[in-house]
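Chemist: Take this sequence and fold it.
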Amino acid sequence: MSDAKEMKKVVMLTKENILGANDLLIRDVDVPEWRGVVQLRSLPGTERDLFENTVQKRKVGANLELKGLKVLLLSLTIIDGEGKLMFSESDLDKLNSKSAKVINKLFEVATEMNGIGEEAVEELRKNS
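Modeler: Numbering: from 1, shown residues only. Presented below is the predicted three-dimensional model:
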């Protein structure tokens, strides 16, 4: 075979290609405790920044104030059938009153989908 046939064709993306790409992942998570399925989506950059800024603001020395961080992430990732966020900031306390087992399950899926590092997740786990 010639070298030309073995080379992969590289597609150079345009600004329109990049901005028009639907790159947010959506995952259905079965939640038998709630008798249904919850849809989670990956975070767009602005909401990832919001989550990370909130985490940074809650760090005091080597400790991290965890109250509400899991449900904050879930409020930024749980969507309805139309792809719109289901929860707002005013819903966080109510969401946090739901089963810790379910919250943890959804949080783990959300962190995996969004590439939130194992170090950050481990810090959350050890402090919760």
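Chemist: ok, and the closest non-adjacent residue to residue 28?
Modeler: The shortest distance from residue 28 to any non-neighbouring residue, by C-beta to C-beta, 6 or more residues apart in numbering, is to residue 37 (4.8 Å). (Glycine included, C-beta is placed from N, CA and C.)
Chemist: can I assume that neighbour sits in a strand?
Modeler: Yes: judged by DSSP: H, G, I helix; E, B strand; the rest coil, residue 37 forms part of a strand.
Chemist: Is it correct that it is in contact with residue 31?
Modeler: Yes: the pair residue 37 / residue 31 is scored as a contact, 6.8 Å apart, by C-beta atoms under 8 Å.
Chemist: Looking at these two, which is more packed in?
Modeler: Using other C-beta atoms under 10 Å, the more surrounded residue of residue 37 and residue 31 is residue 31, with 16 against 11.
Chemist: tell me the pLDDT at the closest residue to that one other than its chain neighbours?
Modeler: Nearest non-adjacent residue to residue 31, counting by C-beta to C-beta, 6+ apart: residue 38, 5.3 Å away. We have a pLDDT of 98 for residue 38.
Chemist: Is it correct that residue 38 is in contact with residue 32?
Modeler: No: counting by C-beta under 8 Å, residue 32 is not a contact partner of residue 38; they are 11.1 Å apart.
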